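A.B. asks: My questions concern the predicted model and sequence given below.
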Amino acid sequence: MGSGGASAATTSGASSSVSTATTGSTSGSATTTSTSTPTTGASTATTTSTTGSGTTGTGGAGGATGVPIEAGTVEASTGPANCGRPVHPHLPSCPAGQRTVVLGLLSRSLASPNLRGFELVWINPDSGTYAAYPGPSSPNILMGIDAVSLGLFGIDQIAHRLYLTGMTGVAPDFRLFTIDTVAGAVVAGPLLSSTPGPAVFAVNRKGVLLGAQWIDSNEELRAYDPASGSSVPFTDPSTPQVLAGIKSLSLGGSAYDAVMDRLYIMGGDEGGLGRLFTVDTAKGFVMSNRMVSPPANFTTVVDGYGRLLGIFWNGVAEELRAIDPDTGGHCPFPDPSVPHFVTGLRWLFNGAVAIDNDAGRMYVVGGETSDAARLYVVDTVGNAPTKSNPIASLTAITVACH
């Protein structure tokens, strides 16, 4: 992103980056440290990131229905020779009989600087156009959501729920919002029971909403209750589950593999960024902590085969690469011998990335400059070049099932 260096904004310690009046963008050369100003709607891209490992929120054990799969038995690949190899059989994005839909949060201030809040929109990735969701006839204003935390979204494609943290009005208190991705409505928004709240969200294969929460100078793995906004340590509610070594996080740098029950987090220890942490979310501990080599911070997703993919700034251009969690090494993807350049992409906005495992596509909101957003459609199979179309600078995108 941008002109040279780390490709992700960071969050560390106790502050949170929320999206109200600006949307964050990160450029390739510098990993920026950020302020914690909320983003309410306007989408002028500015380089912001969050300091601190908390982006906002807390909650309690719970979750909706679980993903109907069992734990995989194939371990992650090891060694450079296995970079980009499948980890497990293909896991589709959606249950049988359902289809994927690309959704986004659109700031209302794009229409008028005086408007607050966000709309839920459906995005046509082939054209960059969007329309109100679920019905195109009138805007779908997400009631009560006036500011959201950047890069902090959890999607449950089985229960049709999108989780995010943010604020109502100008009050400084953060809430845990739940959006029904079929009805397109906010169905819950309790106050979070503690601050600064989670810096990472992931819905595990049992439907539990998990997050990394900054408590007493450590990140802890906690389970959040979308109905009450409370949280407890996970997996044992009576015992804090410290995520050893994690002191800072990269915006957009976390991804979850439901088959392996692993959460991957790009971040840093006391020495800064550029490390990849693998969290066993079945047992609640950091199972590996690897220096990324060559040094980099990634905006990441996990594809249907369990491969950890990321957008990597190579000093000249953004590339799609596969990252080996066991070694920290990374290589071009899908062909490890041929760089996969994401043509025209030099800035990433808000950590806004998503993957459609059914279509074999990764979606990235970014731009060639920091003030002209485009939706980049990256073919993760390698059969087609990157496509991009102008689009509003969305605060978030996700792939839901319908």
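C.D. replies: Cool, got the structure.
A.B. asks: contacts, neighbours, all on C-alpha from now
C.D. replies: Fine.
A.B. asks: Quick one: low-confidence residue ranges for this structure.
C.D. replies: Applying pLDDT under 70 to the chain picks out residues 1-81, 271.
A.B. asks: Now the residue located most distally from the centre of it: which helix or strand?
C.D. replies: What lies farthest from the middle of the chain is Ser137; by Cα atoms, centre = their mean that is 29.3 Å. Secondary structure from DSSP states H and E places Ser137 outside every helix and strand.
A.B. asks: Repeat that for Ala223.
C.D. replies: Assessed by DSSP H and E, Ala223 sits inside strand 218-224.
A.B. asks: How about Ser228?
C.D. replies: Counting by DSSP H and E, no helix or strand carries Ser228.
A.B. asks: Now it: closest residue in space that isn't a chain neighbour?
C.D. replies: Of all residues not flanking Ser228 in the chain, Pro190 sits nearest, at 5.6 Å (Cα to Cα, 6 or more residues apart in numbering).
A.B. asks: re earlier: could you say what helices and strands the strand holding Ala223 packs with?
C.D. replies: Here strand 218-224 touches strand 209-215, strand 231-233, going by 3 or more Cα pairs under 8 Å, 6 or more residues apart in numbering; DSSP states H and E.
A.B. asks: what's the closest of those to Val365?
C.D. replies: Closest of the helices and strands packed on strand 218-224 to Val365 is strand 209-215, at 23.6 Å (criterion: Cα to Cα).
A.B. asks: centre of the chain versus that closest one, how much separation?
C.D. replies: Between the centre of strand 209-215 and the centre of its chain there are 14 Å (Cα atoms, centre = their mean, to the nearest Å).
A.B. asks: name the helices or strands packed onto it?
C.D. replies: Here strand 209-215 touches strand 198-203, strand 218-224, going by 3+ Cα pairs under 8 Å, 6+ apart.
A.B. asks: what about the residue most central in space within the chain, distance to Ala396?
C.D. replies: Centroid-nearest residue in the chain: Gly252, 4.5 Å away (criterion: Cα atoms, centre = their mean). Gly252 sits 10 Å away from Ala396, going by Cα to Cα, to the nearest Å.
A.B. asks: just Gly284 next, same as before
C.D. replies: Here Gly284 is placed at a distance of 27 Å from Ala396 (Cα to Cα).
A.B. asks: in terms of contact, does Gln241 touch Val286 like I think?
C.D. replies: No: Gln241 is beyond contact range of Val286, at 9.6 Å (criterion: Cα atoms under 8 Å).
A.B. asks: where does the residue lying closest to Pro95 once chain neighbours are set aside sit relative to Pro294, distance-wise?
C.D. replies: Using Cα to Cα, 6+ apart and skipping residues adjacent in sequence, the residue nearest Pro95 is Ile158, 7.1 Å away. Distance of Ile158 to Pro294, computed by Cα to Cα: 37 Å.
A.B. asks: Settle it for me: which of these two has more neighbours?
C.D. replies: Applying other Cα atoms under 10 Å to Ile158 and Pro294 shows that Ile158 carries more neighbours, namely 21 against 12.
A.B. asks: Phi first, then psi, for the more buried one.
C.D. replies: The phi/psi pair for Ile158 (degrees, to the nearest 10) reads phi -90, psi -50.
A.B. asks: again with Ser109
C.D. replies: Here is the backbone geometry of Ser109 (degrees, to the nearest 10): phi -70, psi -10.
A.B. asks: okay, now it: neighbour count?
C.D. replies: Residues near Ser109, counting by other Cα under 10 Å, number 20.
A.B. asks: Over to the one 4 residues further on?
C.D. replies: Applying other Cα under 10 Å, we find 12 residues neighbouring Pro113.
A.B. asks: in terms of contact, does Glu270 touch Asn218 like I think?
C.D. replies: No: Glu270 is beyond contact range of Asn218, at 11.2 Å (criterion: Cα under 8 Å).
A.B. asks: The two: which has the busier surroundings?
C.D. replies: Using other Cα under 10 Å as the criterion, Glu270 and Asn218 rank with Asn218 on top: 19 against 9.
A.B. asks: Identify each buried residue in stretch 106-124, please.
C.D. replies: Residues of stretch 106-124 classed as buried under the neighbour-count rule (16 or more other Cα atoms under 10 Å) are 106-110, 116-123.
A.B. asks: Start and end of that stretch, how far apart?
C.D. replies: End-to-end distance for stretch 106-124: 14 Å, by Cα to Cα.
A.B. asks: Which residues does that stretch contact?
C.D. replies: Stretch 106-124 is contacted by residues 20, 40-43, 101-105, 129-134, 139-147, 184, 392-396 when judged by Cα atoms under 8 Å, 6 or more residues apart in numbering.
A.B. asks: Can you tell me which of those residues are buried?
C.D. replies: 20, 40-43, 101-105, 130-134, 139-142, 144-147, 184, 392-396.
A.B. asks: Please export the C-alpha coordinates of stretch 251-271 as PDB.
C.D. replies: Output in PDB follows, covering the C-alpha atoms of stretch 251-271 (Å, rounded to 0.1, in the frame of the first residue of the first chain):
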ATOM      1  CA  LEU A 251      -5.500  -3.600  11.000                       C
ATOM      2  CA  GLY A 252      -7.200  -6.200   8.800                       C
ATOM      3  CA  GLY A 253      -4.500  -8.700   9.800                       C
ATOM      4  CA  SER A 254      -6.600 -11.400  11.400                       C
ATOM      5  CA  ALA A 255      -8.300 -14.400   9.800                       C
ATOM      6  CA  TYR A 256     -10.000 -17.600  11.100                       C
ATOM      7  CA  ASP A 257      -9.900 -21.200   9.800                       C
ATOM      8  CA  ALA A 258     -13.100 -23.000  10.900                       C
ATOM      9  CA  VAL A 259     -11.800 -26.500   9.900                       C
ATOM     10  CA  MET A 260      -8.600 -26.200  11.900                       C
ATOM     11  CA  ASP A 261     -10.100 -24.000  14.600                       C
ATOM     12  CA  ARG A 262      -7.200 -21.600  14.200                       C
ATOM     13  CA  LEU A 263      -7.100 -17.800  14.500                       C
ATOM     14  CA  TYR A 264      -4.200 -16.100  12.700                       C
ATOM     15  CA  ILE A 265      -3.200 -12.700  13.900                       C
ATOM     16  CA  MET A 266      -0.600 -10.400  12.300                       C
ATOM     17  CA  GLY A 267       0.900  -8.200  15.000                       C
ATOM     18  CA  GLY A 268       3.900  -7.800  17.200                       C
ATOM     19  CA  ASP A 269       5.400  -8.500  20.600                       C
ATOM     20  CA  GLU A 270       7.400  -6.000  22.700                       C
ATOM     21  CA  GLY A 271       9.700  -5.400  19.700                       C
END
